[in-house]
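Visitor: the following comprises the amino acid sequence and a computationally predicted model.
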Amino acid sequence: MVFQYPMITVQACLDGILLGILFALIAYGMALQWGVMNIINIAQGDLVILGGYIAYFMYLYGIHPAWGVIVSPIIMYFVGVGIYKLVINKVVDRDLFISILATFGISILFMQLMNFAFGADVVLANSGYGTTFLFDSAVVLPNSKIFSAFVSIVFAICLVIYMKKSKLGRAIRATAQNARAAKILGVDTEKVYAATFGLNAALCGVAGALISITFTIHPYMGLPYTIRSFMIVIVAGLGNLPGVAMSGMGLGVFEEFADYILGTEFRIGSVFLLLVLILVYRRFKLSRKREYLK
Amino acid sequence: MNKNVLLYAVIIIFGLAAPFVFPAFKVQLSILCVLIVLATTWNIQGGEMGYNTFGNILFYGLGMYLCASVQVGMFFPLAEWTESGGEKTFVHTPTQFFQGMAVGLVVAAVVPTIVAGLIGYAILGLRGHYFAICTLGLGVAAGEISGGIEIIGAGQGFTTPPFPNVGGLEARGEFFYFLSFGALVLTFIAVRAIYSTRFRLILNAIRDNEDKAEAMGIETMKYKIIGWMVSAFFCGLAGGIMGGLVGYIDSTDVAFDGREMGVFMVLMAILGGKGTLWGPVIGATAFHIFKEGFWTFFLGWQYVALGVLIVVIVIYFPEGIMGWLREKYPERFGEVVDEADRKAQVELK
């Protein structure tokens, strides 16, 4: 198929790259909190969907959903800090499985609350951006996808600069390196953790708003986003931003091809299978390294 | 020892009499038996071995589909059966039904065990949270993929053969109750036997420090795979029974229901107390009573309550009921535990 219909290949690649940039943004949030707090947040995808619903509601009330990119992260920041104060601060220093299970509980809670609040319909905020046709309209690109990729890149660059230059950014990086040493040197790690979780939620909010414009959102669609970001982070490694971007795009392209070749009903399944395969590959690679030591 | 025998005798008698004493709760009691089996088998992984899995739902769902498919496929073309859906153009005679069920349950128990053995080498090499997330992925992937396979009903579900018209109105409930109670007794005896051997000590060594255990000359991978195969066996069996009991199999809502059954088994084991023999039993019973007793008050809000319950249990009650009791009454508790421990020690020597 790849060579018989080159235009479909081009279409899938472009779609995948634009989608992958969005995934990379979510994964960056996950890498941030994983690196700083050593927590894997299963509710990551549900935060994304919640951010999407904020943009969708602005659209329902007649405001252009693109403004959701500004509003949604602000609201989500406070949601994130709230979750941190209520639950996460009690599991930060505990066993990792405790944090996975606790965030799994939050994920179920959010899923169901969103289902009550917004209904179980698949919704989409129409941005009215039109589409771009390339190569004699063989390749169709909705402008909203290009817009979302552009916004994600802008936010990612802003965040990187913020982490490098600002005081809070330095405090976050210091805590990630060594929480105890940072505490001794006067960093209020509790505050840093709260801010990190808030930042992560805000990133999810941006990504969610963009997803509500470009794709569809549904209360139960959260878990695949969590799994995707987890996958991107373990492929790229913590604190490797170019790697996160690259593997995000790679995942996006993989998904588009899986969609074309296997059919849409196997799309999510193939994502989860890919996760298992990557983990298994990683395990054998690591065990070979361990044998070297022997 | 005498006290234990008495305890087990009381439980067995209660179990055998229960469907006749509480005829209205037969289905609930059967589900309770299945839940206890699932919690106990999860405990082999999560509690004793320290490998917290979300993936045992894979074996449960696999067992469910296999049992029903074998039961139908032995006598009728499977594809036509699933295509006809609820309409019954094919009817099992009683003999066919019971034969199919027997063979189906054997297949449902054996095939997941083999699957666990095959994927175990790859998956069980992962540590900690990588293992947890990987098994979570496995469970969800299985649900999504089985939802796309036509011959087992794809998205529209799979109706299991209805119970044949023998032995009056109560027969179906009693049959499934005794089946699940039998599975429970079998599981408990097997797990208890396993726990009183060196195997449990090895599992605990893996939990406490795997590298050290390996350094002490224990082939950790072998024992991890065996442990997983044991839980897969009973999970598959429980799944097969549950499929017949529910009467309808859906890929993501019944069989590979990671959001419900997959979390329940973890929660029940933690609620009761990880790493104890009786913990999962007590936890499953308490959880089931709570769920059935109060679920109706949360009409429509069950999942919200479930989410809150998970968070509360995990954060404030990670030691579980057994852990709490042990802290509260160490001397009384010590007796019970020491008895089992002492026996294990004696057998070791």
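Guide: Structure received.

Visitor: give me the below-cutoff pLDDT ranges for the stretch 51-200 of chain A.
Guide: A:127-138 (pLDDT under 70).

Visitor: how about the residues of it that lie near chain B?
Guide: A:87, A:90-91, A:94, A:96-98, A:100-102, A:104-113, A:116 (C-beta under 8 Å from any C-beta of the partner chain). Bear in mind the C-beta positions are built from the backbone N, C-alpha and C, glycine included.

Visitor: where does chain B dip in pLDDT?
Guide: Under the criterion pLDDT under 70, the flagged ranges of chain B are B:1-2, B:79, B:82-90, B:153-155, B:167-168, B:298-300, B:330-349.

Visitor: which neighbouring elements make contact with the longest helix that it contains?
Guide: When chain B is parsed with DSSP state H, its longest helix is helix B:94-123. Under the contact criterion of 3 or more C-beta pairs under 8 Å, 6 or more residues apart in numbering or on different chains; DSSP states H and E, helix B:94-123 touches helix A:267-293, helix B:56-73, helix B:128-146, helix B:220-246.

Visitor: what packs against the third one?
Guide: Contacting helix B:128-146 under the criterion 3+ C-beta pairs under 8 Å, 6+ apart are the following elements: helix A:96-118, helix A:222-236, helix A:267-293, helix B:56-73, helix B:94-123.

Visitor: adjacent strands (with direction) for the helix or strand that comes right after it?
Guide: Sequence order places strand B:158-159 as the next helix or strand after helix B:128-146, per DSSP states H and E. When sheet partners are counted by DSSP bridges, strand B:158-159 sits next to strand B:248-249 (antiparallel).

Visitor: surely A:Gly208 and A:Ile49 touch.
Guide: Yes - shown here, A:Gly208 and A:Ile49 form a contact pair, counting by C-beta atoms under 8 Å, at 6.1 Å.

Visitor: neighbour count for the two, which is higher?
Guide: When A:Gly208 and A:Ile49 are compared for neighbours, A:Gly208 comes out ahead with 33 against 26, by other C-beta atoms under 10 Å in any protein chain shown.

Visitor: mind checking which helix or strand the more buried one is in?
Guide: Going by DSSP H and E, A:Gly208 is in helix A:189-214.

Visitor: give the other helices and strands that that helix contacts.
Guide: For helix A:189-214, the elements it packs on are helix A:6-37, helix A:44-60, helix A:68-83, helix A:89-91, helix A:143-165, helix A:167-177, helix A:179-184, judged by 3+ C-beta pairs under 8 Å, 6+ apart.

Visitor: hmm, back to that, who touches both of A:Gly208 and A:Ile49?
Guide: A:Ile217 (C-beta atoms under 8 Å, 6 or more residues apart in numbering or on different chains).

Visitor: phi, psi for A:Leu141 please.
Guide: The phi/psi pair for A:Leu141 (degrees, to the nearest 10) reads phi -120, psi 120.

Visitor: so in terms of bridging, what pairs with it?
Guide: With DSSP bridges applied, A:Leu141 shows beta-bridge pairing to A:Thr132.

Visitor: so it touches A:Cys13, yeah?
Guide: No - A:Leu141 is not in contact with A:Cys13 according to C-beta under 8 Å; the separation is 11.4 Å.

Visitor: which bits of the stretch 201-349 of chain B sit near chain A?
Guide: B:259, B:263, B:266, B:270, B:300-301, B:303-304, B:306-311, B:314-315, B:318.

Visitor: mind checking which of these are buried?
Guide: B:259, B:263, B:266, B:270, B:303-304, B:306-311, B:314-315, B:318 (16 or more other C-beta atoms under 10 Å in any protein chain shown).

Visitor: number of residues surrounding A:Pro6?
Guide: For A:Pro6, using other C-beta under 10 Å, the count is 12.

Visitor: the residue lying closest to A:Asn41 once chain neighbours are set aside and B:Glu260, how far apart?
Guide: Spatial nearest neighbour of A:Asn41, excluding adjacent residues (C-beta to C-beta, 6 or more residues apart in numbering or on different chains): A:Thr103 at 4.9 Å. Here A:Thr103 is placed at a distance of 18 Å from B:Glu260 (C-beta to C-beta, to the nearest Å).

Visitor: neighbour count for the two, which is higher?
Guide: Neighbour tally, A:Thr103 and B:Glu260, criterion other C-beta under 10 Å: the higher count belongs to A:Thr103, 25 against 14.

Visitor: ok now do the more buried one, which residues does it touch?
Guide: Contacts of A:Thr103 (C-beta under 8 Å, 6+ apart): A:39-43, A:87-88.
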